[in-house]
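1. Generate a structure from the sequence data that follows.
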Amino acid sequence: MTALATVTQARLLQRRTALRQSLAKGTSMHQAAAARELAETEAALARIEQGRFGRCDGCGGAIGRQRLLALPAVRLCIECTSKVHATR
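-> Just a heads-up that it's a prediction; the model follows:
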(Lines give C-alpha, C1' and ligand atoms only; values in the text may rest on other atoms or scores of the structure.)
Protein backbone atom coordinates (compact mmCIF):
# COMPACT_ATOMS: atom_id res chain seq x y z
CA MET A 1 0.00 0.00 0.00
CA THR A 2 1.33 3.43 -0.92
CA ALA A 3 1.84 6.18 1.63
CA LEU A 4 -1.01 8.13 0.05
CA ALA A 5 -3.34 5.13 0.30
CA THR A 6 -2.38 4.63 3.96
CA VAL A 7 -3.07 8.27 4.86
CA THR A 8 -6.28 8.29 2.86
CA GLN A 9 -7.47 5.05 4.42
CA ALA A 10 -7.08 6.56 7.90
CA ARG A 11 -9.02 9.69 6.83
CA LEU A 12 -11.77 7.60 5.24
CA LEU A 13 -12.10 5.43 8.34
CA GLN A 14 -12.55 8.55 10.48
CA ARG A 15 -15.09 9.94 8.03
CA ARG A 16 -16.98 6.64 8.00
CA THR A 17 -17.31 6.77 11.79
CA ALA A 18 -18.57 10.35 11.66
CA LEU A 19 -21.09 9.51 8.91
CA ARG A 20 -22.44 6.54 10.83
CA GLN A 21 -22.96 8.74 13.87
CA SER A 22 -24.61 11.37 11.71
CA LEU A 23 -27.01 8.84 10.24
CA ALA A 24 -28.14 7.88 13.72
CA LYS A 25 -29.23 11.39 14.68
CA GLY A 26 -29.77 13.47 11.53
CA THR A 27 -32.89 14.65 9.75
CA SER A 28 -34.24 12.60 6.85
CA MET A 29 -32.78 15.01 4.26
CA HIS A 30 -29.44 15.02 6.04
CA GLN A 31 -29.57 11.25 6.44
CA ALA A 32 -30.02 10.75 2.69
CA ALA A 33 -26.93 12.83 1.93
CA ALA A 34 -24.95 11.10 4.68
CA ALA A 35 -26.01 7.68 3.37
CA ARG A 36 -24.77 8.57 -0.14
CA GLU A 37 -21.46 9.83 1.22
CA LEU A 38 -21.13 6.74 3.41
CA ALA A 39 -21.61 4.50 0.36
CA GLU A 40 -18.89 6.41 -1.52
CA THR A 41 -16.60 6.20 1.50
CA GLU A 42 -17.13 2.43 1.77
CA ALA A 43 -16.43 2.06 -1.97
CA ALA A 44 -13.19 4.03 -1.62
CA LEU A 45 -12.08 1.84 1.29
CA ALA A 46 -12.81 -1.24 -0.83
CA ARG A 47 -10.70 0.17 -3.69
CA ILE A 48 -7.82 0.66 -1.27
CA GLU A 49 -8.10 -2.95 -0.07
CA GLN A 50 -8.27 -4.20 -3.67
CA GLY A 51 -5.21 -2.19 -4.69
CA ARG A 52 -7.24 -0.06 -7.14
CA PHE A 53 -7.03 3.20 -5.20
CA GLY A 54 -6.01 6.20 -7.27
CA ARG A 55 -7.11 4.75 -10.61
CA CYS A 56 -9.95 6.34 -12.56
CA ASP A 57 -13.05 4.17 -12.97
CA GLY A 58 -13.63 5.84 -16.35
CA CYS A 59 -10.34 5.65 -18.20
CA GLY A 60 -8.14 3.61 -15.86
CA GLY A 61 -5.55 6.39 -15.63
CA ALA A 62 -4.16 7.98 -12.50
CA ILE A 63 -6.51 10.31 -10.65
CA GLY A 64 -3.79 12.56 -9.26
CA ARG A 65 -2.40 13.02 -5.78
CA GLN A 66 -3.80 16.50 -5.12
CA ARG A 67 -7.30 15.47 -6.23
CA LEU A 68 -7.18 12.39 -4.00
CA LEU A 69 -6.00 14.44 -1.04
CA ALA A 70 -8.87 16.89 -1.54
CA LEU A 71 -11.52 14.28 -2.39
CA PRO A 72 -10.38 10.90 -1.02
CA ALA A 73 -13.49 9.01 -2.17
CA VAL A 74 -13.35 10.33 -5.76
CA ARG A 75 -13.78 7.72 -8.52
CA LEU A 76 -12.93 9.71 -11.64
CA CYS A 77 -10.01 11.80 -12.87
CA ILE A 78 -10.67 15.43 -13.75
CA GLU A 79 -10.96 14.70 -17.48
CA CYS A 80 -13.55 11.94 -17.00
CA THR A 81 -15.45 14.05 -14.50
CA SER A 82 -15.59 16.85 -17.06
CA LYS A 83 -16.96 14.44 -19.66
CA VAL A 84 -19.67 13.23 -17.28
CA HIS A 85 -20.74 16.78 -16.44
CA ALA A 86 -20.73 17.78 -20.12
CA THR A 87 -23.28 15.07 -20.93
CA ARG A 88 -25.73 16.18 -18.22
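2. I figured Arg15 was touching Thr41, is that so?
-> Yes: here Arg15 lies in contact with Thr41, judged by Cβ atoms under 8 Å, at a distance of 5.5 Å. (Each C-beta comes from the backbone N, C-alpha and C, glycine too.)
3. Not counting residues beside it along the chain, what's closest to Leu45?
-> Among residues not flanking Leu45 along the chain, Leu12 sits closest, at 5.3 Å (Cβ to Cβ, 6 or more residues apart in numbering).
4. next one: Gly51
-> Per Cβ to Cβ, 6+ apart, closest to Gly51 is Met1, 7.9 Å.
5. need the contact list for the residue nearest the centre of the chain.
-> Closest residue to the average C-alpha location of the chain: Ala73 at 1.0 Å, with Cα atoms, centre = their mean. Neighbour list for Ala73: 12, 37, 40-41, 43-44 [criterion: Cβ atoms under 8 Å, 6 or more residues apart in numbering].
6. Out of those, the closest to His85 would be?
-> Nearest to His85 out of those is Glu40 (Cβ to Cβ; 16.9 Å).
7. The helix or strand encompassing that closest one - contacts with which helices or strands?
-> Assessed by DSSP states H and E, Glu40 sits inside helix 28-50. Applying 3 or more Cβ pairs under 8 Å, 6 or more residues apart in numbering; DSSP states H and E, we find helix 28-50 packed against helix 3-25.
8. got the buried residues for the helix it packs on?
-> Across helix 3-25, burial judged by 16 or more other Cβ atoms under 10 Å covers 5, 8-9, 12, 15-16, 19, 22-23.
9. Could you export those as CSV, including distance to Arg65?
-> Converted to CSV, the buried residues of helix 3-25 look like this (distance: Cβ to Cβ, whole Å):
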residue, distance to Arg65
Ala5, 11
Thr8, 10
Gln9, 15
Leu12, 16
Arg15, 19
Arg16, 22
Leu19, 24
Ser22, 28
Leu23, 30
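10. closest to Arg55 among the residues you listed?
-> Distances from Arg55 to the buried residues of helix 3-25, taken by Cβ to Cβ, are shortest for Ala5, at 11.2 Å.
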